[in-house]
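# Have a look at this prediction, sequence included:
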Amino acid sequence: MKKKGKPVRIVLFLRSLEIGGAQTHAAMLAEYLDRAGPYAVQVWTFSARGLIAEALRAKGITIVDVPEIPNDIVGKVVALTRLIQRLRKAKPAILLPFCDYPNKLLGAIWEFTGAEACVWNQLDEGREVTGKFLEKRSLNRTSAFVANAVEGKSFLMRRFKVPAEKIRIIHNGVRLEKPELDRGGWRRKLRIPEQASLAVMVANFTPFKDQPTLLKAWRIVQERRWPRQRPILLLVGNVRQTEGELRALAGRLGLAKTVIFTGQVKDLSGLLLASDLGVFSSKREGMPYAVLSCMLARLPVVASDITGIREALGPEYPYLVPPDDPAQFAEKIMEWIDHPDAGKKWIEANHERASSLFSPEIMGKNYEELFSELLGKRPLA
C-alpha cells in the first residue's frame, strides 16, 4: 500500500528495455517504489520495446520513449536541449540512470533539468572508458554512485577515481514469477526427453559472457560415453553480437543435436524448473542476476570463479572453475550430473543466501535510504 504524502518524482533511465540483468534490476526497483510510495515513478528509454517493457506496462509503470541522441554536433545539441526540456516538464526530484551511456548522459545534464540529485548506477563490472568530456563532467557532477557488486565499486574507484565514500553498494533484488509452464510443459515445448540432464546458461550473447568456453566444455562432456540420453545445453538470451559465431562454433564442434538456442525467454521461472543445472562461463560480471535466479530456484550452479559470481555464491562455494578453462568446466559439469545428491547442501545454502541477502525489499529499502540522504533527510513518508 502506498504511503501518504506528497509524491517524490523518480525517473529511471535505461538505454533499452530488452531483457537483461540491469533492466530487470531497474524494473524491480520501479515496481517496488511504485508500490511503496510516496513516489511517482517513470521509466525513460531510447527503446520502449522488449520483455522488460511488457512487464513494466503490466505493472502499470509509465514508460516514456525518448529519441536517440545523434552523433553530429548540431543534432546532439538539439536533442539534448529537447531532452532537458522534457525532463524539466516532468519535474523529477531524482534521476536514476542505469549503465554506461545513460549514466554519462544524465550525469552531464541533470543540473539543467531541475532535479535535486542524479545517481550513477554501476550495474556491471565496468566496460567502457572513453575519457571524453561527457564522461568527465558526469563523474564530477553526479550526486552519488551505486554499485550492485564489489567489482563495480572497484571499477569506479580504479578507472574513474571515484572516492570510496561516494559509492554505495546496493545488491540486486531477485524474485521469480509464477511459472507459466511446468517442467514437463517446457520439456515438451523444447522436445527434450525427461531423462535427459538439462544445463542452461541465461546470458545475453556478448563477448563478456564467453559462451565459446562453455561450448568447448560441452564438447568434452559429449565425448564421454553416456549410457542413455546425452545431456542437453540451452543457451538463453538476447541475440546480440555473437550468436552467429556461437552457432558456427557449435556446428564445428559437432554439438548441433545437444545445444539449443532459445533466444529470449519470458517464463524464466518455468525454464529453470525444467532444468537440472545452471552454467555460467563469464569472464567478467558485476552481480549476475541469472546466477541469483538459479540460486533462488534451487538449481545447482557451475560457473567461472570471478569476483562477481563468487560474491553471489559466497566464498566457500566449491563448484567454480578458472575462467577460460573448458576442461575443468566440463569436469565440474559431469561431477554434478554423476552425483546430484552430493551437492544438495549447497543448493539449500544458495537458496537461503539468495532469499536473505538479495530480496527486492532489501534492495528497495536501501535505495530509499539513499534518497532520504540526497534530499536532505526530508521525510519520505
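Arrived safely, thanks for sending. Numbering: from 1, shown residues only.
# Give me the below-cutoff pLDDT ranges for the stretch 101-250 of the chain.
126-131, 239-241 (pLDDT under 70).
# show me where the stretch 201-350 of the chain has helices.
For the stretch 201-350 of the chain, the helices defined by DSSP state H, counting those that start in this stretch occupy 211-223, 243-252, 268-274, 289-296, 307-313, 326-338, 344-357.
# Against which helices or strands is the third one packed?
This means helix 268-274. helix 183-190, strand 198-202, helix 289-296 (3 or more CB pairs under 8 Å, 6 or more residues apart in numbering; DSSP states H and E). Glycine gets a C-beta too; all of them are placed from N, C-alpha and C.
# same question, the second one
Packed against helix 243-252 by the contact rule (3+ CB pairs under 8 Å, 6+ apart) you find helix 211-223, strand 259-263.
# Switch these over to a markdown table; also include mean neighbour count.
Listed next are the helices and strands packed on helix 243-252 as a markdown table, based on neighbours: other CB atoms under 10 Å:
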| stretch | mean neighbour count |
| --- | --- |
| helix 211-223 | 21 |
| strand 259-263 | 16 |
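# most neighbours per residue, which of the helices and strands packed on helix 268-274?
Mean neighbour count (mean count of other CB atoms under 10 Å) peaks for helix 289-296 among these, with a mean of 27.
# now for that one, which elements pack on it?
Partner elements for helix 289-296 (3+ CB pairs under 8 Å, 6+ apart): helix 21-36, strand 198-202, helix 268-274, strand 277-280, strand 301-304, helix 307-313, helix 344-357.
# With distance to A327 as new columns, can those be given to me in CSV?
Formatted as CSV, these follow (distance: least, CB to CB, whole Å):
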stretch, distance to A327
helix 21-36, 28
strand 198-202, 17
helix 268-274, 27
strand 277-280, 15
strand 301-304, 13
helix 307-313, 19
helix 344-357, 22
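# so which of the ones you listed comes closest to K189?
Closest of the helices and strands packed on helix 289-296 to K189 is helix 268-274, at 8.7 Å (criterion: CB to CB).
# wait, isn't F155 in contact with Q122?
Yes. With contact defined as CB atoms under 8 Å, F155 counts as touching Q122 (6.8 Å).
# ok, these two, which is more surrounded?
Q122 (26 against 22; other CB atoms under 10 Å).
# Please convert the helices and strands packed on helix 268-274 to CSV, extending it with distance to Y317.
Below are those laid out as CSV (distance: least, CB to CB, whole Å):
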stretch, distance to Y317
helix 183-190, 25
strand 198-202, 17
helix 289-296, 10
